[in-house]
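Student: give me the fold of what follows.
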Amino acid sequence: MTATSTSAGPGPGAHAQSYYAATATPAPLQPRLEGTTDADVCVVGGGFTGLSAALHLAERGYRVVLLEARRIGWGASGRNGGQIGSGQRQDVLWMEARLGRDTAQRLWALAEEAKTLLRERIERHRIACDHRPGNLLAITRQRHVAEYAAEAEHLARHYGYDQLRMLDRPAMREAVASEAYVAGRLDTGGGHLHPLNLALGLADAARAAGAVLHEGSAVVGIDWEPTPVVRTAHGAVRAANVALCANGYLDGLEPRVAANIMPIVNHVIATAPLGAERARALIRDDVCVAATKFVVDYYRLTPDHRLLFGGGETYSPREMPDVRGFVRRYMLAVFPQLADARIDYGWSGTLAITINRMPHFARVGRHGFCAHGFSGHGVALTQLAGKLLAEAIAGTAERFDLMASLPHRAFPGGRWLRHPLLVAGMLWYALRDRL
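Tutor: Got it, this is the predicted structure:
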């Protein structure tokens, strides 16, 4: 069977003009794939999942070739809010109701392992990515306070997780200088970091372990049988196994799994430096913050005292003409005191969601594996995904198969109608945020 993408795509270019790209660790361009080469595993995609898979596989002694269409970390991995959350994208009460407590506890344990793995990678490979502790959930509706408190108590009692602390309105107002919230929940086990520098550091570690990385090498098709051949415009990789890690940029490459995810576009800005005093007056403890809205506001401070703020999302692949102005409205709704702050950077990035917001793991025929659809909760989970992909390819697939067993539905409407149907649904939920 042959899978073919819609186009070969442009050359590698540069990273999106963002705060992250402007402050990234310098990284040399990796050579484009030329000619035909052999590998044990071909990894498609140079984001967090693909880099983690390449690193874990190379450490196991596999010959690994990774193909990235643009630059390492070019997609969501190098553009996201940099927030590290605990657990899966859905909470444990949701998982218990649908999957049972035993499965929910196993999924929680995997997510905790993901955070540990992330910290270990940063420390072991000395990745300078400004890793900081603390993740604060900002609660916008009084009716939600009790349920978030009950979940924290449930996690402490049944999962042994005691790093959540509820903040009442006065305490929340001291932690975040905004009138937008009625309460908060601090997770000292979460955190935040510079995502592009994390990706570049993982790439260095993967190369040091023996993986071969190619940038500017968009995959134009995969011949799956009898043995996979992954084709680019200028070369090919013959491999025993293929790991698809393209997430929101999967396009038409593999329709058997692409229908389970939907790309959406998030937008982020970064202010000019505010100075240490003014920055800490906004967020006292240098934690990252995310609001309990369907269309999430998420923000944090940078080491040079900027506010990095993500707000709003769109569902069209067309480039937004004024990202700074679009997101600034969301920022001022939270922090009207920043009306005089200059916006130095504005950028957008594509991520992939699933219908149930749980990541989608799957086998692709006899020789393929994929992990994607982290739905905005992937900074840590992608590191675990790469490890589970490596385990499955090595023949120990129990944990990969646990993730693959999660119930998923393809987006309705087929290739042509699923996007308009998604837009209608997302706009309805976004309207609910305002009611």
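
Student: what segments of the stretch 1-150 of the chain are strands?
Tutor: Here the stretch 1-150 of the chain has its strands, by DSSP state E, counting those that start in this stretch, at 2-4, 35-44, 64-67, 83-84, 132-139.

Student: elements contacting the longest one?
Tutor: It refers to strand 35-44. helix 48-59, strand 64-67, strand 235-244 (3 or more CB pairs under 8 Å, 6 or more residues apart in numbering; DSSP states H and E). Heads up, the C-betas are built off the backbone N, CA and C, glycines and all.

Student: buried residues, it. List them.
Tutor: For strand 35-44, a neighbour-count test (16 or more other CB atoms under 10 Å) marks 37, 39-44 as buried.

Student: nearest to residue 258 among those residues?
Tutor: residue 44 (12.6 Å; CB to CB).

Student: residue 342: which of the helices and strands packed on strand 35-44 is closest?
Tutor: helix 48-59 (30.9 Å).

Student: direction-wise, compare the closest one with strand 35-44 and give the angle.
Tutor: 120 degrees (axes from the mean of the first three to the mean of the last three CA atoms, to 10 degrees).

Student: mean confidence for helix 48-59?
Tutor: Averaged over helix 48-59, pLDDT sits at 98.

Student: again with stretch 167-184
Tutor: On average, stretch 167-184 scores 98.

Student: next: stretch 197-208.
Tutor: Across stretch 197-208, pLDDT averages out at 98.

Student: which of the residues in it are buried?
Tutor: For stretch 197-208, the neighbour count (16+ other CB under 10 Å) marks 197-207 as buried.

Student: pLDDT weak spots in the stretch 201-350 of the chain?
Tutor: Filtered on pLDDT under 70, the stretch 201-350 of the chain yields the residue ranges 315-317.

Student: show me where the stretch 101-250 of the chain has helices.
Tutor: Counting by DSSP state H, counting those that start in this stretch, the stretch 101-250 of the chain has these helices, from start to end: 101-124, 145-158, 169-175, 195-208.

Student: what residues of the second one count as buried?
Tutor: Going back to what we said before, that points to helix 145-158. Taking 16+ other CB under 10 Å as the criterion, helix 145-158 shows 145, 148, 151-152, 155 as buried.

Student: dump stretch 275-286 to CSV, keeping only the CA atoms.
Tutor: This file holds the C-alpha atoms of stretch 275-286, laid out as CSV (Å, rounded to 0.1, in the frame of the first residue of the first chain):
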residue,chain,number,x,y,z
GLY,A,275,11.2,45.1,34.1
ALA,A,276,11.4,42.7,37.0
GLU,A,277,9.2,44.6,39.3
ARG,A,278,6.3,45.1,36.9
ALA,A,279,6.5,41.6,35.6
ARG,A,280,6.4,40.1,39.1
ALA,A,281,3.5,42.4,40.0
LEU,A,282,1.5,40.5,37.3
ILE,A,283,2.5,36.9,38.3
ARG,A,284,4.0,36.9,41.8
ASP,A,285,5.7,33.5,41.8
ASP,A,286,6.8,33.0,38.2
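
Student: surely residue 227 touches residue 238?
Tutor: Yes - if you go by CB atoms under 8 Å, residue 227 and residue 238 touch, sitting 6.5 Å apart.

Student: which one's more surrounded, those two?
Tutor: residue 238 (15 against 12; other CB atoms under 10 Å).

Student: measure the more buried one to residue 41 for me?
Tutor: 11 Å (CB to CB, to the nearest Å).

Student: which residue packs closest to residue 322, ignoring adjacent ones?
Tutor: Nearest non-adjacent residue to residue 322, counting by CB to CB, 6 or more residues apart in numbering: residue 346, 7.9 Å away.

Student: I should have written residue 390 there, sorry.
Tutor: What sits nearest to residue 390 in space, not counting adjacent residues and going by CB to CB, 6+ apart, is residue 56, at 3.6 Å.

Student: outline the domain layout of this structure.
Tutor: Per automatic domain parsing, the structural domains of the chain span 2-79+196-259+358-413, 132-190+263-353.

Student: dump the buried residues of helix 145-158 to TSV, plus distance to residue 64.
Tutor: Listed next are these as TSV, based on distance: CB to CB, whole Å:
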residue	distance to residue 64
145	48
148	42
151	39
152	41
155	37
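
Student: of these, closest to residue 90?
Tutor: Nearest to residue 90 among those is residue 151, at 11.2 Å by CB to CB.

Student: got the contact list for that closest one?
Tutor: Shown in contact with residue 151 (CB atoms under 8 Å, 6 or more residues apart in numbering): 91-93.

Student: thinking again about what came up before, closest one to residue 399 among the helices and strands packed on strand 35-44?
Tutor: helix 48-59 (12.5 Å).

Student: just the angle between that closest one and helix 195-208, please?
Tutor: 20 degrees.

Student: so which of the helices of the stretch 101-250 of the chain is nearest residue 69?
Tutor: Among these, helix 195-208 comes nearest to residue 69, with 14.4 Å by CB to CB.

Student: so what does the closest one touch, helix or strand wise?
Tutor: Where contact means 3+ CB pairs under 8 Å, 6+ apart, helix 195-208 is packed against helix 19-22, helix 48-59, helix 101-124, strand 212-214.

Student: and the ones you listed as JSON lines, adding distance to residue 352 and mean neighbour count?
Tutor: Shown next, in JSON lines, are the helices and strands packed on helix 195-208 (distance: least, CB to CB, whole Å; neighbours: other CB atoms under 10 Å):
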{"stretch": "helix 19-22", "distance to residue 352": "19", "mean neighbour count": "20"}
{"stretch": "helix 48-59", "distance to residue 352": "11", "mean neighbour count": "29"}
{"stretch": "helix 101-124", "distance to residue 352": "18", "mean neighbour count": "17"}
{"stretch": "strand 212-214", "distance to residue 352": "22", "mean neighbour count": "21"}
